[in-house]
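In: Have a look; sequence and predicted model below, questions after that.
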Amino acid sequence: MNISFNSAATAALAILRHNDSTHAKMQDVITTGMRISEAADNAAYWSIATDMRNTTKATSTVIDALELGAALVDVSYQGMEDLISITSEIKTKIMAMKEPGVDRYKVSAEIYELEKQFLSTTQSSSFNGRNLLAPGELHYTEKSYVDGNGKTLNYIEMSPPDTNVAFGGIVASYTKGTVGIINIYGDSNLNVFGPATYKNADGSTSAQNGLVDTPQADGMTGGVPHPDPAKTTAWLPAFNGRTQIGLGTDDMFSASHMGEVPADLVETATDLLLKRYDDIHKTLTDRAATLGSLSMRIDMQTDFNRTLTATIQKGIGRLVDADMSDASTKLKAVQAQVQLAVQALNIANNAPSLLMQLFR
């Protein structure tokens, strides 16, 4: 042993430093749960894990977008179900008008309120500022007029007709002498349901807006507005031509005019309305089914992305995660080695003093 240089202490110190370094690494593994936490640990595995973590972040963003879409579809589907229910209720009211003694004016008032609820539900079925039932703004006006019986009837006027409504209107053709349920040679109070747009089939006459009232003298080929804003006098050609009539409001809003329909035309009028509402009901049902299918598709895609994320994370774990049981055992062993190295260093440091005692 050299009294000027303690080689044993130097060796013990080197062992202690090595054990301390190993202990620090094992402690970091236990703390982070990862055996590869930086590129220096294993560049290849660290690079793969980093790329896959970025993939899971992107997938997580997709899941968030799908959840947002699912919420929009769910709100739209609920709104569509409510519209179907309202349509069914209106059909029930229309059928009730066939019964003798029913006050059709009162039933018309109920239908008018249901029509307003229909529009309110359509406008309210939005999520985060988006509305699948009415992609654009609905422009409509609540109006009223007094019919030939002195009764006030309320109706809804769309501007322009059918804009952004979940279903479109129709244009029907009729021969001269009969216009739908209207006998054009009958009483002056006979009119079509709601404001109408009409023109000759050959397109020679410009369209006029209003209710079709009593036809005037033969030979006239035009039309002029009636003083009543809810009516327009129809001037039809003398020859056996055809006149087209299309409602100025969407056809669904025509039922609120049923109060003034003469008794002998109620059966025909209700049948026409019921057919129209059957078409509306079918359209709403088809679109609700589409929304239901879309909701199922979104749920499937969301589940897939969640499963994909979990699988990727599992793969990352196999590459870089630590075996905690193994790491814990190694940590305890390293801790014991550190303690032994400290004791060895103490012994090595005390050896020169023991040697000096021989010279006393």
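Out: Nice, thanks for sending it over. Not measured: the values here are computed from a predicted model.
In: low-confidence ranges in the stretch 101-250 of the chain?
Out: Counting by pLDDT under 70, the ranges of the stretch 101-250 of the chain that qualify are 147-149, 157-250.
In: need the helices for this structure, in chain order.
Out: Along the chain, counting by DSSP state H, helices occupy 7-32, 43-96, 104-124, 266-320, 324-356.
In: could these go into JSON lines alongside mean neighbour count?
Out: For glycine as for every other residue, the C-beta is placed from the backbone atoms N, C-alpha and C. Formatted as JSON lines, the helices of the chain follow (neighbours: other Cβ atoms under 10 Å):
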{"stretch": "helix 7-32", "mean neighbour count": "15"}
{"stretch": "helix 43-96", "mean neighbour count": "16"}
{"stretch": "helix 104-124", "mean neighbour count": "18"}
{"stretch": "helix 266-320", "mean neighbour count": "16"}
{"stretch": "helix 324-356", "mean neighbour count": "14"}
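In: out of these, which comes closest to Glu137?
Out: Set against Glu137 and scored by Cβ to Cβ, the helices of the chain come closest in helix 104-124, at 8.6 Å.
In: Could you check how far the spatially closest residue to Val342 that is not a sequence neighbour is from Thr22?
Out: In this structure, Val342 finds its nearest non-sequential neighbour in Leu16, 6.3 Å apart by Cβ to Cβ, 6 or more residues apart in numbering. From Leu16 across to Thr22, the span is 11 Å (Cβ to Cβ, to the nearest Å).
In: got it, and Thr32?
Out: Going from Thr32 to Thr22 by Cβ to Cβ gives 16 Å.
In: mind listing what the nearest residue to Asp299 once chain neighbours are set aside touches?
Out: Counting by Cβ to Cβ, 6+ apart, Asp299 lies nearest to Ala70, which is 6.8 Å off, once chain neighbours are set aside. Contacts for Ala70 (Cβ atoms under 8 Å, 6 or more residues apart in numbering) come out as 295, 298-299, 302.
In: Identify, from those residues, the entry nearest to Ala43.
Out: Checking these against Ala43 with Cβ to Cβ, the nearest one is Thr302 at 35.2 Å.
In: how far away is the closest one from Glu110?
Out: Distance of Thr302 to Glu110, computed by Cβ to Cβ: 42 Å.
In: Show me where the stretch 251-360 of the chain dips below the pLDDT cut-off.
Out: 251-266, 351-360.
In: sorry, back to before: check whether the residue nearest to Val342 really touches Gln339, as I assumed.
Out: No. Leu16 is not in contact with Gln339 according to Cβ atoms under 8 Å; the separation is 10.0 Å.
In: about what we covered before: if I pick the residue nearest to Val342, what's in contact with it?
Out: Taking Cβ under 8 Å, 6+ apart, we find Leu16 in contact with 338, 341-342, 344-345.
In: One more pass at 7 Å, please.
Out: Leu16 makes contacts with 338, 341-342, 345, as judged by Cβ atoms under 7 Å, 6 or more residues apart in numbering.
In: would you list the residues you listed in a markdown table and tack on distance to Leu138?
Out: Formatted as a markdown table, the contacts of Leu16 follow (distance: Cβ to Cβ, whole Å):
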| residue | distance to Leu138 |
| --- | --- |
| Val338 | 77 |
| Ala341 | 82 |
| Val342 | 83 |
| Leu345 | 86 |
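In: ok, of these, which one's closest to Ile280?
Out: Nearest to Ile280 among these is Val338, at 82.3 Å by Cβ to Cβ.
In: Excluding chain neighbours, what is closest to the closest one?
Out: The shortest distance from Val338 to any non-neighbouring residue, by Cβ to Cβ, 6+ apart, is to Asn19 (4.5 Å).
In: Hmm, that neighbour is touching Leu340, no?
Out: No. At 8.3 Å, Asn19 does not count as touching Leu340 under the criterion of Cβ atoms under 7 Å.
In: what about Asn154, distance to Glu113?
Out: Computed as Cβ to Cβ, the Asn154 to Glu113 distance reads 9 Å.
In: do Leu294 as well
Out: 31 Å.
In: and if you look at Asn346?
Out: From Asn346 over to Glu113 (counting by Cβ to Cβ), the distance is 96 Å.
In: now do Tyr45
Out: Distance from Tyr45 to Glu113, counting by Cβ to Cβ: 69 Å.
In: same check, this time on Leu340
Out: Separation of Leu340 from Glu113 (Cβ to Cβ) stands at 90 Å.
In: How about Asp286?
Out: With Cβ to Cβ as the criterion, Asp286 and Glu113 are 26 Å apart.
In: Next: Thr61.
Out: From Thr61 to Glu113 the distance is 45 Å (Cβ to Cβ).
In: what do you get for Ala24?
Out: As judged by Cβ to Cβ, Ala24 and Glu113 stand 77 Å apart.
In: Ok, Lys143 next?
Out: Computed as Cβ to Cβ, the Lys143 to Glu113 distance reads 15 Å.
In: does Lys330 really touch Gln27, like I thought?
Out: No. Using Cβ under 7 Å, Lys330 is not in contact with Gln27; the gap is 10.6 Å.
In: Give the intersection of the neighbour lists for those two.
Out: Counting by Cβ under 7 Å, 6+ apart, nothing touches both Lys330 and Gln27.
In: Can you give me the neighbour number for Asp41?
Out: 15 (other Cβ atoms under 10 Å).
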